[in-house]
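Novice: sequence first, then the predicted structure:
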Amino acid sequence: MAGSVWFVLAIVLVALAFDFINGFHDAANSIATVVSTRVLSPFAAVFWAAFWNFVAAFVFGTAIAKTIGKGMIDLSVVEPTVILGGLLGAIIWDLLTWWWGLPTSSSHALLGGYAGAAVAKAGFAAILASGWVKTLIFIVVAPLLGLTLALGLTVLLSWVLRRSLPRRVDRAFRVLQLVSAALYSLGHGTNDAQKTMGIIVALLASSSALFVAFPVQAFHLPNADHIPIWVILSAHAAIGLGTMAGGWRIVRTMGQRITKLTPFGGFCAETSGAITLFLASHFGIPVSTTHTITGAIAGVGAAQRLSAVRWGVAGQIVWAWVLTIPAAAGIAGLSYVVLHLALR
């Protein structure tokens, strides 16, 4: 069973299920600001975000997918049960934090789960340290960059528009926030969907011997250097559908509890978050969209006054970030052991 083509294809479906969960868990990243400012209704916002999540498939490359597919874990260690254990670790952690209303990173849950299952099989030698350096650095850099850009943009635009009537500014930024929400959803789609692509490619490449006689050529991957178009489109479709399902518990935390937002502030936060994600995607760095937008929202609040940010809520979120990789890794390692014993 564990060494069959159909078992591998079933894991591909589990990977796409994770992508769907990623979408509704991280829907708050794309829509919290535009919903909290009442520029769009929740129903319209999820469709707007989901559309741009899918469009991202045709805009950016696949640098992040290749980083995860062959740059994080030694492919000689990878087998279907390692991938499945990693996915279960990420899915279970995502569902727990969704239930608790915590905007943790689905991306880091996936990376932690993947690493945890690989370590459970082969020890820490399975980890390719060079592939993790940028990712671990950007756990800190991404939210700080989002915060800094949002703070700077808020201050700059506030100075430029200092003589404008508040009513006219609000009306203009209600329109502009539609653009910034689209840009952020574009960045969210390309960065997060590519992580699942990388997992699927690693799975198919490590199981290539099983597909020698399989009639569908699209599943024949001799290595992780090429991302098939069906993997790209299915990953973006899954995350788009997940975003449409929404994640309203987390939307409330992101859009209302960190700081009070206006359309002007929402535009600054989303634009700054989008710039951060575009830069990371260009250089193939898998970053957390959750960390990025949280930092940007805090930057908008801090530009008004430091007390405008509910730092206690932000602190709870940071603790959830710190726990995500080790918690998902632990769940995934246990899942791998159970799967290995059950399927051998």
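Specialist: Cool, got the structure.

Novice: how about the helices in the stretch 101-250 of the chain?
Specialist: Assigned by DSSP state H, counting those that start in this stretch, the stretch 101-250 of the chain shows helices spanning 106-122, 129-160, 166-206, 229-245, 248-252.

Novice: now the fourth one, how far from the centre of its chain.
Specialist: Spelled out, it's helix 229-245. In terms of C-alpha atoms, centre = their mean, to the nearest Å, the centre of helix 229-245 is set 13 Å apart from its chain centre.

Novice: what about the chain, any weak spots by pLDDT?
Specialist: 1-3, 27-30, 103, 246-260, 305-318, 320 (pLDDT under 70).

Novice: quick check, central residue of it?
Specialist: Centrality entry for the chain: nearest residue to the mean C-alpha point is Asp192, 3.8 Å, by C-alpha atoms, centre = their mean.

Novice: my guess is it contacts Gly240. True?
Specialist: No - Asp192 lies out of contact with Gly240 (C-beta atoms under 8 Å); the separation is 10.7 Å. (Each C-beta comes from the backbone N, C-alpha and C, glycine too.)

Novice: joint contacts of the two?
Specialist: Gly23 (C-beta atoms under 8 Å, 6 or more residues apart in numbering).

Novice: so how far is Ile21 from the residue in the chain sticking out farthest from the centre?
Specialist: When distances are taken from the C-alpha mean of the chain, Arg163 lies farthest, 39.0 Å away, according to C-alpha atoms, centre = their mean. According to C-beta to C-beta, to the nearest Å, Arg163 and Ile21 sit 47 Å apart.

Novice: swap in Ala65?
Specialist: From Ala65 to Ile21 the distance is 18 Å (C-beta to C-beta).

Novice: ramachandran coordinates for His220?
Specialist: Main-chain dihedrals, His220, degrees, to the nearest 10: phi -90, psi 100.

Novice: wouldn't it be in contact with Ser208 here?
Specialist: Yes - counting by C-beta under 8 Å, His220 does reach Ser208; the two are 6.8 Å apart.

Novice: Ala65 and Ile21 - which one has more neighbours?
Specialist: Ala65 (27 against 23; other C-beta atoms under 10 Å).

Novice: quick one: residues contacting that one.
Specialist: So Ala65 contacts Gln194, Lys195, Met197, Gly198, Val201, Ile227 (C-beta under 8 Å, 6+ apart).

Novice: tell me the SS of it?
Specialist: Three-state call for Ala65 (DSSP: H, G, I helix; E, B strand; the rest coil): helix.

Novice: measure it to Val231 for me?
Specialist: 8 Å.

Novice: any common contacting residues for those two?
Specialist: Between them, Ala65 and Val231 share the contacting residues Met197, Val201, judged by C-beta under 8 Å, 6+ apart.

Novice: just how off-centre is stretch 321-336 within its chain?
Specialist: 16 Å.

Novice: one more: stretch 36-43?
Specialist: Taking mean C-alpha positions (C-alpha atoms, centre = their mean), stretch 36-43 and its chain are 22 Å apart.

Novice: cool, stretch 7-22 as well?
Specialist: 15 Å.

Novice: likewise for stretch 53-69?
Specialist: Counting by C-alpha atoms, centre = their mean, stretch 53-69 comes out at 12 Å from the chain centroid.
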